[in-house]
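Trainee: Build the 3D model from these lines:
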Amino acid sequence: MFRYIEDAGEDWMMKEEARVMVYIQSGEKKFRQKDAELLRAIEKHGSINKATEKLGRSYSHQQKRIDELEMAFGKLIERQRGGRHGGGSKLTKRARGLIKTLENKLADLSATAGTEITQIKGKVKSIDSDLVDVETAIGSLKVTREGWMQEDQETRILIRADTITLQELGEKTLSSARNHVEGAVERVKHYEDKAEVTVYLQKNNETLKATLTRDSVNKLDIKPGKKLYATFKATATKAIPIKQID
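Mentor: Okay, the predicted model is just below:
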């Protein structure tokens, strides 16, 4: 079993120049971008020797690295010796899967650049086939299940401002979003074509930031003090482990 990690320390949200490391972990071993670069080069050039030469890396060091990764993640390289067309190396399905997973997570991270993110700590309470209940300071939230999750796992919930929808308290039907929290508008910051709305939640004095279009702000008559629901889908609610359970 391996898991995907974004790691920047406990207070990364408050650091202006925080570095976020993205990797896939199995036991003590971490599959990083440099490892993905090596595997891509092996796939392109057909051998470990040619790949390390093109990357300007030590063959012996990279061979040792591949051995370490295969001990943790399973077979990554298929080696062919001799034959009519000569020997060579190619990637296994597992190796391609690791590269794809890392690429997807890096793309997700890139998409959040410049977007306000609310961070809330929580603990996994129950796990279903697809969804997980995480108990937080603002109540129980549903998130999409990840492979690393287990009951009592401490986690950090990340909610992007552009995934939050605001609704009137009097509306008979809430949106199909799994998560609904009640609050009041604390402040509104207007931009040319959108607005950043800070919603104060009475539970534990937490706040959420939502990004709305100008039309939505006008339609809902968004202004400080207005009470409403903040809703967001489980699929748009990201969970990252804080501490791994042994």
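
Trainee: excluding its backbone neighbours, what's nearest residue 90?
Mentor: Spatial nearest neighbour of residue 90, chain neighbours left out: residue 78 (5.2 Å); criterion: CB to CB, 6 or more residues apart in numbering. The C-beta positions use only the backbone N, C-alpha and C, and glycine is treated the same way.

Trainee: Please apply the same query to residue 163.
Mentor: If you skip the residues right next to it in sequence, residue 163 has residue 236 as its closest partner in space, 3.8 Å away by CB to CB, 6+ apart.

Trainee: Confirm for me that that neighbour is in contact with residue 161.
Mentor: No: using CB atoms under 8 Å, residue 236 makes no contact with residue 161, being 10.9 Å away.

Trainee: Among these two, which residue is more densely surrounded?
Mentor: The residue with more neighbours, out of residue 236 and residue 161, is residue 161; 20 against 17, by other CB atoms under 10 Å.

Trainee: which residues touch that one?
Mentor: Taking CB atoms under 8 Å, 6 or more residues apart in numbering as the criterion, residue 161 is in contact with 115-118, 196, 209-211.

Trainee: now the residues you listed in CSV, with secondary structure?
Mentor: Shown next, in CSV, are the contacts of residue 161 (DSSP: H, G, I helix; E, B strand; the rest coil):
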residue, secondary structure
115, coil
116, coil
117, strand
118, strand
196, strand
209, strand
210, strand
211, strand
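
Trainee: Which of those residues ranks first by neighbour count?
Mentor: That'd be residue 210 among the contacts of residue 161, by other CB under 10 Å, with 26 neighbours.

Trainee: and the closest residue to that residue other than its chain neighbours, what does it touch?
Mentor: Leaving aside its sequence neighbours, residue 210 sits nearest to residue 164 (CB to CB, 6+ apart; 3.8 Å). Residues near residue 164 by CB under 8 Å, 6+ apart: 208-211, 230-232.

Trainee: Equivalent analysis for residue 197, please.
Mentor: Taking CB under 8 Å, 6+ apart, one finds 166, 185, 187-189, 209-212, 217, 222 in contact with residue 197.
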